[in-house]
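Engineer: Structure, please.
(4 chains)
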Amino acid sequence: MVKRTFMLVYNSLIVFQKDVQLEFRTRFSINAIILFAITTLTAISFSVGPAKLDITILSALLWIILFFSAMTGLSHIFVREEEQQTADTLRLVTSPLAVFLGKWLFNVVLLFALEIIIVPLFFILMNTSGGNSNLLLMVLFLGSLGLSTVSTIIAAIISQASARGALFAVLAFPISLPIIITSIHGTRLALEGNSVSTGFSDLQILISFFIVILTVSILTFEFIWKSN
Amino acid sequence: MWWKFLLGIYMIFIILGAFLYAPTAKGLGETTRILFFHVPCAWIATLAFLVSAAYSIRYLRSQNMLMDLKATSAAQIGLVFTILATVTGSIWANEIWHSYWNWDPRESSIFILLLIYAAYFALRSAIEEKQQKARLASVYSIIAFVTVPFLIFVVPRLVESLHPDPLINTQGKIEMDSKMATVFFGSFVGFTALFFWMLYLKIQTVRLSQVKIKVNSGD
Amino acid sequence: MVKIKATNLSKKFNERLIFKDVRFELQSRQSLVVTGQNGSGKTTLIRIISGLLSPTEGKLVFIKDNQEIELQQIFAFIGLVGPYLQLYNNLTAMENLVFFSKIRGLGTNKSKILELTKQMGLAGRELDYVKNYSSGMIQRLKFVFALLHEPPILLVDEPTSNLDEKGVEIVYGLLNKQMEDKILIVATNNPEESRFGQTHIHVGL
Amino acid sequence: MEEIITVAQTAIDTLNNSQVNQSSEPSGIYVVMWVTLIVWIGLFSYLYYLDRQIKKVKNKIEIEKEGIGK
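Structural biologist: Alright, predicted model coming up:
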C-alpha cells in the first residue's frame, strides 16, 4: 500500500512539474489571471477615487476580484489538455488521481502566486490598513485553498463539455458560495482588527469545507476523466 | 389507484385547515397561513435535490441510464418547487418587511439552491453525447449536494454582514400551537406525497417516450 | 505471456450503432488488422481496445500468465499511435519523452530514448520543440512514445499517415519486429498494410 | 375561470364577516389567497406540461403502430 501512495505522489509531482514547465513556456494562465485582477482592481480603485470604503464592502470586493480572477485562469489547466488533444496521451500514461492531484497543486500555486501580487496592491490602492494580519493571512490561505479546489474539479467537468468559458463561472459560483461568504465575513473581522479567536469559527468552516470538497473531488474525478 | 384520489381529498382538507382551522401567529396576522404552502415548497425543493443526488450516485455506480433519467426527473420537479418557493417567499417577505428581497437566511438558501439547479441544467444542455452528459451531470449534482449543508452555517453570516439589526431574525422561530402544527405537518406530508406522485408521472412519461416498438418479425 | 480476449464488443453513440459483435483473441506473435473506410468506427474500436473508451456491450479482457489484469493497470501493457493522440507542442521532443518515461516509472532513461529516436531517424532533433516538427516527424515521434516502455501490445491507427517512403520503411520494419514476439493491432484502410495481420476484422456497415 | 374567483370571493367575505377581524391589515388574507393560487397554478401547469408530453408519446406510438400494421 505504501508503494502505491508513493507512486501516486511521485506521478502527481511529475504531472505538476510538466504543467509548470508548460506554463513557463506559454505563460498563458498566469498572464490571464494577473492581468484580469489588476485591471479589475484599478478599475474599482479608479471609480472609487479617494473615498474610504467601509470594511464590509472592501472585504466583499477583495473576494469578488479573487473569485473572478480564478474564473479567468484556473480552467486552462484542463481545457488546454482537451483542446490540444494531449488529454488522451495523459490518460494512457498515468492514473486519473495522479492527474487530478498534479493539476490541483498547480491551481493552488497559481492562485497563491496571484494573491501575493494582488492582496498587497489591493491594500495600497484602497488605502486601508491590514488590521489583524495573521487572521487575514489565515482566511486568505484557507479561502483560496478551497477556491482552487472547487475551480479544479469544475474545470475538469467543463473541459469535457462544449461552451466551456461561460459554463465555468455558472457552475463554480454556487459551489464556492460557502467559501466566498465565509471568507468575506472572516476578512471583515480581520480588517476590523478582531483577534484570531473571534474569527475562529470562520476558519473552522473554511477548513472543513476544503477537506470535504477535496475528498469528494478525489472520489468523483475518475468518473470525469475517463470517457465512456 | 385509490390513494391518488385520497391524496386529492387530503390536500383539500389541508387547504381548508390552513384557511379556517389554524389560528394566526401574533404579529403576522393572516399572512401566517402562507407558512403552510411556502415552507413545504422549500422542503420539497431540498428533498428533490437529495433524491436527484442519490440517483446520480446510483448512476455512476451502475452506468444504468434509467438512474440518470430518474435523477433528471427529480431535478426538474425540484426546480419547479424551488421557483414556487422563491416566489412565495418573496411575496411573504414583501407582506412582513415591505420589500420583495432582503437576503433573509431562508430566502438566500433557496436562491442558492435555484442557482445550483440552473447550473445543473446549463451543464446538461452543454453536452451532446448522452452517456457523457449523464456522467458529468451526476458528478456535478453530487459535488453540489455536498456543499448544500454548509449553507446552513454560512448563510446567516451573509445576513449578519448585510443586516446587522436583529429585527429581521425575530421571525426565525414561529411558536406554533397544536392546531397550527397539525396543519403544518399535514401539509408537509401532503406535499411530499404529491412530489413522489409527480416524480413517478415524470419518469413514466420519459420512459414511455423512449420505448421502441419491437417488431416481432416472424423469421 | 500476454493475451487479449474480446467477446462481442459493440459501441453506440446516442442510438447510432458504430459496430457490433466484434470478437477476437490474440496472443504473442499474433496480429490483427482492422479495415474499414474512414468514419466506419475503426478508430473507435482501437480506442476501446486501448482502454480510452468503454464499449456499450461486450467484454474486453487482458490476461497475463492466465491472470486477468485490472483495467487501471493495462496502460503499462499498451503502446498506442494514433492521429488523435498529440504530444506537448510547447515542450521539446526530449522533454516530452522524459516526462512520459518518468511517469511510466522508467526514470529518465535517456539511453532508451536516444536509441529509439535514432531508430526512427530523428537523431539530433531531440532538443527542438515539437511544434517545429513536420507532421511526418511527429508521427515518428509518436512511435518512440508508444515503444518507450516496450509494451507487449502495440496498437497503431493508420501507421504510415504523413510519412515519406523512408519513414514508411522504418515503420514497416518496426511492425514486423513487433510481430516477431509481441501482439500487434493495426487499423488501416491502405490495402498494402493488411499483410500485417493474420486475422482481419472489417468494421463498418 | 370567472366562476371560481367569485366563489373564492364569497368564501373570503363570509370568512371576514364571521370572525372578529383581529389582524390590522385586512389585505393579509388576500396575500395568502394569491400565494395558494400561485402554488396550485404552478403545479397545475407542470402537470399540464406532463400531460402534453404523454399525448405526444401516445401519437408517436400510434404512428409507429400503423407503420407496422401496413
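Engineer: contacts and neighbour counts: CA atoms only from here.
Structural biologist: OK.
Engineer: what does chain A put close to chain D?
Structural biologist: By the rule CA under 8 Å from any CA of the partner chain, no part of chain A lies against chain D.
Engineer: neighbours of the closest residue to chain D within chain A, just the number please.
Structural biologist: Proximity of chain A to chain D (CA to the nearest CA) peaks at A:Pro174, 25.1 Å away. By the criterion of other CA atoms under 10 Å in any protein chain shown, A:Pro174 has 23 neighbours.
Engineer: could you pull out the helices for the chain?
Structural biologist: Picking chain A for this. Assignment of helices within chain A using DSSP state H yields the ranges A:2-26, A:28-48, A:55-73, A:76-83, A:87-93, A:96-125, A:133-159, A:164-191, A:200-225.
Engineer: Chain D, not that one
Structural biologist: Counting by DSSP H, the helices of chain D are D:2-18, D:28-69.
Engineer: Let's have those in TSV, adding mean pLDDT and distance to chain B.
Structural biologist: Shown next, in TSV, are the helices of chain D (pLDDT from 0 to 100; distance: least, CA to the nearest CA, whole Å):
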stretch	mean pLDDT	distance to chain B
helix D:2-18	56	8
helix D:28-69	85	5
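Engineer: Could you dump the ones you listed into a markdown table with mean neighbour count and distance to chain A added?
Structural biologist: Converted to a markdown table, the helices of chain D look like this (neighbours: other CA atoms under 10 Å in any protein chain shown; distance: least, CA to the nearest CA, whole Å):
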| stretch | mean neighbour count | distance to chain A |
| --- | --- | --- |
| helix D:2-18 | 11 | 40 |
| helix D:28-69 | 15 | 25 |
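Engineer: Include distance to A:Thr152 when you put these into TSV, please.
Structural biologist: Output for these, formatted as TSV (distance: least, CA to CA, whole Å):
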stretch	distance to A:Thr152
helix D:2-18	54
helix D:28-69	37
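Engineer: about what we covered before: so which of the helices of chain A gets nearest chain B?
Structural biologist: Smallest distance to chain B across these (CA to the nearest CA): 5.2 Å, for helix A:164-191.
Engineer: is that closest one up against chain B anywhere?
Structural biologist: Yes: judged by CA under 8 Å from any CA, helix A:164-191 comes into contact with chain B through A:167, A:170-171, A:174-175, A:178, A:181-182, A:185.
Engineer: what does the helix of greatest length in chain C rub up against?
Structural biologist: For chain C, the longest helix by residue count, based on DSSP H, is helix C:165-181. Helix C:165-181 is contacted by residues C:28-31, C:119-121, C:136, C:140, C:154, C:159-160, C:184, C:196 when judged by CA atoms under 8 Å, 6 or more residues apart in numbering or on different chains.
Engineer: at 10 Å what do you get?
Structural biologist: Contact with helix C:165-181 is made by C:1, C:27-31, C:119-121, C:136-137, C:139-140, C:143, C:147, C:150-154, C:156, C:159-163, C:182-186, C:193, C:196-197, as judged by CA atoms under 10 Å, 6 or more residues apart in numbering or on different chains.
Engineer: After that helix, which helix or strand is next?
Structural biologist: Downstream of helix C:165-181, the first helix or strand assigned by DSSP states H and E is strand C:183-187.
Engineer: The helix or strand that that next one is followed by pairs with which strands, parallel or anti?
Structural biologist: Going down the chain from strand C:183-187, the next helix or strand is strand C:199-202, by DSSP H and E. Applying DSSP bridges to the sheet, strand C:199-202 is found paired with strand C:31-35 (parallel).
Engineer: Need the CA coordinates for the strand it pairs with. CSV is fine.
Structural biologist: C-alpha atoms of strand C:31-35 as CSV (Å, rounded to 0.1, in the frame of the first residue of the first chain):
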residue,chain,number,x,y,z
SER,C,31,-1.6,-9.7,-35.0
LEU,C,32,-4.9,-8.3,-36.2
VAL,C,33,-5.7,-5.8,-38.9
VAL,C,34,-8.9,-3.7,-38.7
THR,C,35,-10.1,-2.3,-42.0
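Engineer: Of all the residues in whichever helix or strand comes after it, which ones are buried?
Structural biologist: With elements assigned by DSSP H and E, the helix or strand that comes after strand C:31-35 is helix C:42-50. Within helix C:42-50, the residues scored as buried using 16 or more other CA atoms under 10 Å in any protein chain shown are C:42-50.
Engineer: Same question for stretch B:189-200.
Structural biologist: Buried residues in stretch B:189-200, counted by 16+ other CA under 10 Å: B:190-192, B:194-195, B:198-199.
Engineer: what do you get for stretch A:42-61?
Structural biologist: Residues of stretch A:42-61 classed as buried by neighbour count (16+ other CA under 10 Å): A:45, A:55-56, A:58-61.
Engineer: and of the residues of helix A:164-191 next to chain B, the nearest to B:Thr82?
Structural biologist: Distances from B:Thr82 to the residues of helix A:164-191 next to chain B, taken as CA to CA, are shortest for A:Pro174 (14.9 Å).
Engineer: Excluding chain neighbours, what is closest to residue 104?
Structural biologist: Answering for chain A, as no chain was given. Spatial nearest neighbour of A:Trp104, excluding adjacent residues (CA to CA, 6 or more residues apart in numbering or on different chains): A:Thr152 at 5.8 Å.
Engineer: oops, chain C please
Structural biologist: Excluding its sequence neighbours, the residue lying closest to C:Arg104 (CA to CA, 6+ apart) is A:Val93, at 6.2 Å.
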